[in-house]
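> Quick one, fold the following:
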Amino acid sequence: MRLPSLLRTLVFFLFAAASLAHADDSYRIVHTYPHDPRAYTQGLVYIDGHLYESTGLNGRSSLRMVELATGRILQSAPVPQQYFAEGLTAWGSTLVQLTWQSHVAFVYDRFSFRLLRTLHYDCDGWGLTADGNNLILSDGTAEIRFFDPATFREVRQIYVSDHGQPVTDLNELEYIHGQIYANVWHTDRIARISPSTGRVLGWIDLAGLLAPGEVSDPEAVLNGIAYDAVHDRLFVTGKLWPKLFEIKVVPAPAKAVPVHRAK
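Residues are numbered from 1 along each chain as shown. Predicted coordinates:
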């Protein structure tokens with residue numbers, strides 16, 4: 001079928017616009033900082049000039065305040081050995097720390113690390129962040145759950161997908177510029193997720209941050225995202241990594257996929 005010339009042109013541009021393919025965003029290292037290579041990093045938060053870190057493994061789990069420049073542990077609280085600590089976020093003057101399969105979260109005073117109370121939930125705990133209204137939890141599936149911070153009652157869920165395919169193994173989370181950033185376990189990629197729809201808005205490929213000789217263990221994988229909202233700085237690290245990185249995300253240019261023009 002022949003289309004009028006103007007209509008053919010319009011169809012061409014509509015198909016071309018719809019066919020823009022985006023590669024993963026990349027990164028530029030701004031600074032490299034030391035990181036405790038024994039820390040099995042499960043959660044990472046930056047607030048008031050310090051990093052707060054949740055480390056995992058039974059018998060080795062802890063809550064820490066860390067000096068960014070040196071990696072020195074300034075304050076630490078052990079987690080009872082029956083718990084495997086996971087994600088961490090700040091809420092007001094408190095820190096909330098998940099556990100993996102115990103369905104218990106610990107709420108600490110952020111300044112003294114005094115345990116204030118415990119909260120309970122009915123899923124695995126992996127990553128944790130907050131958007132100013134709710135606590136946001138990943139459980140290792142493609143679901144992300146939103147909880148009321150006062151009651152820890154689940155208020156809603158989103159199902160994370162990329163081009164219609166579920167994205168599972170969502171791990172450590174950070175809420176940045178209205179999006180959920182999520183490590184995907186055992187990969188070097190961070191997904192940027194819409195908190196309203198669950199759709200993956202883009203990917204950040206962080207391959208190559210550590211040299212092969214710096215990887216000490218098969219489980220020494222990327223896991224740790226922290227954002228300094230005051231100075232617009234993004235920090236990433238991994239489990240058992242000897243380094244923590246401040247990075248700038250480098251957007252990938254959009255590339256047009258060839259399309260067939262209508263005749």
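> so where do the strands sit in the stretch 151-263 of the chain?
154-159, 161-162, 165-166, 170-176, 179-184, 189-193, 200-205, 222-228, 233-238, 243-250, 254-256 (DSSP state E, counting those that start in this stretch).
> got these as TSV, with mean neighbour count, mean pLDDT and distance to residue 122 columns?
All C-beta atoms are positioned from the backbone trio N, CA, C, and that covers glycine. Below are the strands of the stretch 151-263 of the chain laid out as TSV (neighbours: other Cβ atoms under 10 Å; pLDDT from 0 to 100; distance: least, Cβ to Cβ, whole Å):
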stretch	mean neighbour count	mean pLDDT	distance to residue 122
strand 154-159	14	96	8
strand 161-162	16	96	23
strand 165-166	11	96	21
strand 170-176	25	97	18
strand 179-184	23	98	21
strand 189-193	22	97	22
strand 200-205	18	96	26
strand 222-228	24	97	24
strand 233-238	23	97	29
strand 243-250	18	96	33
strand 254-256	10	62	42
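> what about these, which gets the closest to residue 23?
strand 254-256 (7.1 Å; Cβ to Cβ).
> Contacts for stretch 225-235 next, please.
30, 44-46, 51, 68, 172-176, 181, 183, 190, 224, 236, 244-249 (Cβ atoms under 8 Å, 6 or more residues apart in numbering).
> Helices of the chain, start to end?
In the chain, the segments counted as helices under DSSP state H are 5-18.
> Run through it and note the low-pLDDT ranges.
By pLDDT under 70, the weakly predicted segments of the chain are 1-22, 255-263.
> Kindly provide the distance from residue 54 to residue 155.
Separation of residue 54 from residue 155 (Cβ to Cβ, to the nearest Å): 23 Å.
> swap that for residue 92, please
With Cβ to Cβ as the criterion, residue 92 and residue 155 are 18 Å apart.
> Now residue 78: closest residue in space that isn't a chain neighbour?
Counting by Cβ to Cβ, 6 or more residues apart in numbering, residue 78 lies nearest to residue 62, which is 5.4 Å off, once chain neighbours are set aside.
> what's the burial count for the one you found?
19 (other Cβ atoms under 10 Å).
> What of residue 122?
8.
> Could you do the one 4 residues further on as well?
Residue neighbour count, defined by other Cβ under 10 Å, stands at 26 for residue 126.
> which one is it nearest to, not counting chain neighbours?
For residue 126, ignoring the flanking residues on the chain, the nearest one in space by Cβ to Cβ, 6+ apart is residue 138 at 4.5 Å.
> for the one you found, what are its contacts?
Counting by Cβ under 8 Å, 6+ apart, residue 138 touches 87, 126-128, 144-145, 170-173, 182.
> Try it again at 7 Å.
126-127, 144, 170-171, 173, 182 (Cβ atoms under 7 Å, 6 or more residues apart in numbering).
> doesn't residue 217 make contact with residue 238?
No: counting by Cβ atoms under 7 Å, residue 238 stays clear of residue 217, with 10.2 Å between them.
> In stretch 33-47, which residues are buried?
Neighbour counts over stretch 33-47 (16 or more other Cβ atoms under 10 Å) mark 33, 35-36, 39-47 as buried.
> Pick out the most distant pair among those.
Within the buried residues of stretch 33-47, 40 and 47 form the most distant pair, 21.5 Å apart (Cβ to Cβ).
> Output the contacts of residue 138 in TSV, with distance to residue 120 appended to each entry.
Formatted as TSV, these follow (distance: Cβ to Cβ, whole Å):
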residue	distance to residue 120
126	16
127	18
144	19
170	21
171	21
173	20
182	23
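> Widest-spaced pair of the residues you listed?
144 and 171 (11.2 Å).
> Just the terminal-to-terminal distance for stretch 88-102.
15 Å (Cα to Cα, to the nearest Å).
> quick one: stretch 230-247 to chain centroid distance?
12 Å (Cα atoms, centre = their mean, to the nearest Å).
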